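Undergrad: next come a sequence and a model predicted from it.
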Amino acid sequence: MSNPFVRIVEPLDPKQPVKKFFNLRKLEDVRYARLPFSIRVLLEAAIRNCDEFLVKKGDVENILNWKVVQHKNVEVPFKPARVILQDFTGVPAVVDFAAMRDAVKKLGGDPEKINPICPADLVIDHSIQVDFNRRSDSLQKNQDLEFERNRERFEFLKWGSQAFKNMKIIPPGSGIIHQVNLEYLARVVMDRDGYYYPDSVVGTDSHTTMIDGLGVLGWGVGGIEAEAVMLGQPISMVLPEVVGYKLLGNPQPLVTSTDIVLTITKHLRQVGVVGKFVEFFGPGVAQLSIADRATIANMCPEYGATAAYFPVDDVSIGYLIQTGRDKEKVMCTKKYLEAVGMLRDFKNSSQDPDFTQVVELDLHTVVPCCSGPKRPQDKVAVSDMKKDFETCLGAKQGFKGFQIAPDRHNSIVKFNFEGCDFELAHGSVVIAAITSCTNTSNPSVMLGAGLLAKKAVEAGLTVKPYIKTSLSPGSGVVTYYLRESGVMSYLSQLGFDVVGYGCMTCIGNSGPLPESVVEAITQGDLVAVGVLSGNRNFEGRVHPNTRANYLASPPLVIAYAIAGTIRIDFEKEPLGINASGKKIFLKDIWPTRNEIQAVERQFVIPGMFKEVYEKIETVNKSWNALDAPSDTLYTWNPKSTYIKSPPFFDGLTLALQPPKTIEDAYVLLSFGDSVTTDHISPAGNIARNSPAARYLTSRGLTPREFNSYGSRRGNDAVMARGTFANIRLVNKFIDKQGPQTIHFPSGETLDVFDAAERYKQAGHPLIVLAGKEYGAGSSRDWAAKGPFLLGVKAVLAESYERIHRSNLVGMGVIPLQYLPGEDAGTLKLTGRERYTIVIPEKLKPQMKIQIKLDTGKTFHAIMRFDTDVELTYFHNGGILNYMIRKMAS
């Protein structure tokens, strides 16, 4: 063994000398005990993988010296223990792997080398939509439609599960990726190749951070970066600052974990934690269950941190037992963590490590709240919801404004639904969804919703039939304990039937609203509302017809569904009036914490988890019946509109091409702040008048067969046309929302794809101008691949979301950042200029480069290649090109 730290290897149990571990305490370095627990995981991985090539002794020293170097942009490598993918991002990853095998073979290499070295799990959870609801067979109907729409994709994924080693695929209908990870896939401590070491994971979904709640260090990365990790490459990362988040006190009786996470999200947004780790500590942590911690960790991307880590403690160990993990393995897990100093006691302050900064929250100060109407960090106390929404109605168009004229605030539109007359107004709830792993993984809020439903039904309350209600649990375990505890029938009576096991409404797979509802909303130009127990509520994401969307706990989702409007003060106004004429208030039916905990103790038991997960890979009969090939190379079907060999590697040679200056580029689009990956690469429905629709129609498909953009990520022709296709896109060149831009040579207003095609045919390079937080939102590799295929060579922004910047680098698109204090406004950039971006021969991380305009103006920007490794990827034209050259040479 060439590892220079082999001297600290020893068996965990002398009776089993073949099972070893790197005993970090034997470093006998006083700095180790002062490191944050999250940094200890990075340290262990660096020591175990130290080969003086990919990981060097100097990297280990830098991590040990974290307290000194944390502010100095020091780059370190990190090899995660495993990778996790969902199908929206997993399909393009497997497509890339298949295309990389073809490319390696063309260059004379062995295509079998393109194979996951790092274990990978792919959970199919993003394809199912809420087409059917409020009926006993909704689940089966939605699952049948899921297979009808996605058979090609599923057959392709099944090929991948057979053709690639080290890749496990969890079939559709099993649950949501992060909940399956929490309840089943996570090991906490790995036992592999004769060694014990901390479990850690990167995933192609930004909410991979949910697993941090169990003490498994994890975060989201771009699909492109994940592919490199699967091929055995370390992640190159800047050693992060670690914000210590101290929790004190106990939550109030009526407060849920959702209220806590929405409070923390707003707080940490104000603190500013982008690019940093957050590590939770303090006596308040001991009051939180693993499900509560996972809820808080899940929304880490919404408060902007890289990871939100809760070190392993006895509560974590107890959770492993509760969820049916093997007791002997759990005891080994605890023994290992004690041996290396990674088992935490939150009540023992002498264990508190050093942090970059410490912030505090007294859990007793948290009040019931929601977030919205357009961003997850915009927390609103439930007591203020009515007033806040009515203020938003008249406020200037923006994150907290809809700019509705004052004389229209009380507009009412009458409509007929299933033979009955109803009314809609601004603030009317039309979607109420208990959805998303953020909350469905948490028995306390799910049982709380069930108990509230029971009391509501018993009090004679109902939900109006036109409201699209749905329940999409994160795993079969949820259905099991809801049914066993006797609350499922009450949820069904209010319209919250199980509609599927997947992300569904949270990612925009909310399905269609009734036509009469859509017509009423359109006729009155109403600000209709979606209420969901999700983690994202960006405009245009949940549904095109819900301009306001609020994140709320599952019990509150039901409460607002019963009320039928967001314009209600629960303290003063009744939820409804029953058949006897009695006013029923929310406080009359809200379950107490003691009620919920009593039911949870009785019905959430290890046997449920064992029964559900023992058969998870074989329970779906439709998946089992799929016939898929198992050849090394995939046989591409030229007739397929789902799976297509991408053009990324066309013309690739073993020899490197030197980077060239970008000359006289046109600006394709000019944006303001907070342009999300949903704007850049939408996942929802394909509009019938869009370039993607025209392409699919030309291939013989009808609108009913279009499916969603997310489901077609394996086809670059659809995804390039879907780039910047969000109907809520705000481009400064156009005076209204929509996916259009100006083609400057002709002066015509065109769909973005059509304009890009014209530029490409004329040989003109393109750039994009943007403000702050460009690329915020979901981890989405097509938000980088799409612009690349449109001919975008660079993006110039004030700041970037971490994963999106990484994805741009991975595709060879240059992320440029204005100098501090400068932006398009201060530089008087209109976007109508032509830009020459001077690329020097010798590049350095984060170097300043010159930009010349055709007006004669010159200014400088920072080239956001943050590490030497990222520059290597750029020189190769992207990370995948680099991997192909490496495997083929």
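TA: Yep, it's here.
Undergrad: let me see the contact set for the residue lying closest to Phe585 once chain neighbours are set aside.
TA: Setting aside the residues directly before and after it, Phe585 is nearest to Pro574 in space (CB to CB, 6 or more residues apart in numbering), at 5.3 Å. C-betas here are computed from N, CA, C, even on glycine. By CB atoms under 8 Å, 6 or more residues apart in numbering, Pro574 lies in contact with Lys583, Ile584, Phe585.
Undergrad: if you rank those residues by neighbours, which is first?
TA: Among the contacts of Pro574, Ile584 has the most neighbours (other CB atoms under 10 Å), with 18 neighbours.
Undergrad: confirm for me that that one is in contact with Glu458.
TA: No: contact criterion CB atoms under 8 Å: Ile584 and Glu458 do not qualify, at 10.2 Å.
Undergrad: one step back: specify which member of the contacts of Pro574 is nearest to Gly419.
TA: Among the contacts of Pro574, Ile584 lies closest to Gly419 (CB to CB), at 26.4 Å.
Undergrad: how about that closest one, what does it touch?
TA: Neighbours of Ile584 in contact, by CB under 8 Å, 6+ apart: Ala456, Ala459, Gly460, Leu461, Pro574, Leu575, Gly576, Ile577, Asn578.
Undergrad: what about the residues you listed, which are in helices?
TA: Ala456 (DSSP state H).
Undergrad: among the contacts of Ile584, name the buried ones.
TA: Ala456, Ala459, Leu461, Pro574, Leu575, Gly576, Asn578 (16 or more other CB atoms under 10 Å).
Undergrad: out of the contacts of Pro574, which are inside helices?
TA: Per DSSP H, the subset of the contacts of Pro574 in helices is empty.
Undergrad: got the residues you listed as a markdown table, with pLDDT columns?
TA: Listed next are the contacts of Pro574 as a markdown table, based on pLDDT from 0 to 100:
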| residue | pLDDT |
| --- | --- |
| Lys583 | 96 |
| Ile584 | 97 |
| Phe585 | 97 |
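Undergrad: sorry, back to before: can you lay out the buried ones among the contacts of Ile584 as JSON lines showing distance to Asp735 and pLDDT?
TA: Formatted as JSON lines, the buried ones among the contacts of Ile584 follow (distance: CB to CB, whole Å; pLDDT from 0 to 100):
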{"residue": "Ala456", "distance to Asp735": "46", "pLDDT": "98"}
{"residue": "Ala459", "distance to Asp735": "50", "pLDDT": "96"}
{"residue": "Leu461", "distance to Asp735": "46", "pLDDT": "96"}
{"residue": "Pro574", "distance to Asp735": "44", "pLDDT": "97"}
{"residue": "Leu575", "distance to Asp735": "42", "pLDDT": "96"}
{"residue": "Gly576", "distance to Asp735": "43", "pLDDT": "92"}
{"residue": "Asn578", "distance to Asp735": "50", "pLDDT": "88"}
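Undergrad: break this protein down into its domains, please.
TA: As given by the TED database, the domain ranges for the chain are 370-611, 662-681+723-888.
Undergrad: quick one: contacts for the most centrally placed residue in the chain?
TA: Residue closest to the average C-alpha location in the chain (CA atoms, centre = their mean): Ser206, at 3.1 Å. With contacts defined as CB under 8 Å, 6+ apart, the neighbours of Ser206 are Gly220, Pro301, Gly777, Ser778, Ser779, Ile803.
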